[in-house]
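J.: Make a model of this:
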Amino acid sequence: PLFIRAGAIIPHWPDMQYVGQKPVDTLDLHVYPHGDSSFSLYEDDGISYAYQNGAVATTDIGCSAANNMTTLVIGARSGQYQGMPKTRSFNIYLHLDREPKEITLDDHPLSDDDWFYDETTHAVRLHITEAPSRSRVIAISF
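T.: Numbers count the residues shown, from 1 in each chain. Below is the predicted model of the structure:
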């Protein structure tokens, strides 16, 4: 078994044999909502010492779960480094104990075709693309 702390936000990079083998323009993000939690995704080029001179990017990610609402906020990336993807997508897996009634992205309701609740893994799956200069807000109501 794998024990994961309630509230954890865990990014998954693509499987690679070495740094740079594949582009890292899509990340899997596994979220286990419980109370308030946050995570700062740190990136650099993975091969040089340029990070010592500030060539890094960070993305703040936060989750809040209370009563019949869970909110996931993916902040805008700040900073840059050589080889950084121009845009980033996320395959999001929100591990929940029940199927949601509605999901919104930036206050716009998503259709049933935009997300899927897997009863076997108890996870909502959806795919979003970051907004370069602003946060993306996913709200889930039960």
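
J.: Quick one: residues contacting Cys63.
T.: Cys63 is in contact with 7, 9, 31, 33, 36-38, 70-73, counting by CB atoms under 8 Å, 6 or more residues apart in numbering. The way it works is simple: take the backbone N, C-alpha and C, and place the C-beta from them, glycine included.

J.: can you give me the strands in the chain?
T.: Secondary structure of the chain by DSSP state E: the strands cover 9-12, 26-31, 35-43, 57-66, 69-74, 78-79, 89-95, 102-105, 108-109, 115-118, 123-129, 136-141.

J.: And the buried ones among the contacts of Cys63, selectable in PyMOL?
T.: Command for PyMOL that selects the buried part of these, burial taken from 16 or more other CB atoms under 10 Å:
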select buried, resi 7+9+31+33+37+70+71+72
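
J.: now the contacts of Cys63 in CSV, with distance to Val24 and pLDDT?
T.: Shown next, in CSV, are the contacts of Cys63 (distance: CB to CB, whole Å; pLDDT from 0 to 100):
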residue, distance to Val24, pLDDT
Gly7, 25, 97
Ile9, 17, 98
Val31, 19, 98
Pro33, 25, 97
Asp36, 28, 98
Ser37, 23, 98
Ser38, 21, 97
Thr70, 26, 98
Thr71, 26, 98
Leu72, 20, 98
Val73, 21, 98
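
J.: Which member of the contacts of Cys63 is positioned nearest Pro132?
T.: Val73 (15.7 Å; CB to CB).

J.: correct me, but the closest one touches Thr59?
T.: No. The criterion here is CB atoms under 8 Å, and Val73 misses it with Thr59 at 10.6 Å.

J.: in the sheet, who's paired with the residue nearest in space to the middle of the chain?
T.: Taking CA atoms, centre = their mean, the centroid of the chain lies closest to Leu29, which sits 4.1 Å from it. Beta bridges link Leu29 to Pro11, Ile92 when assigned by DSSP bridges.
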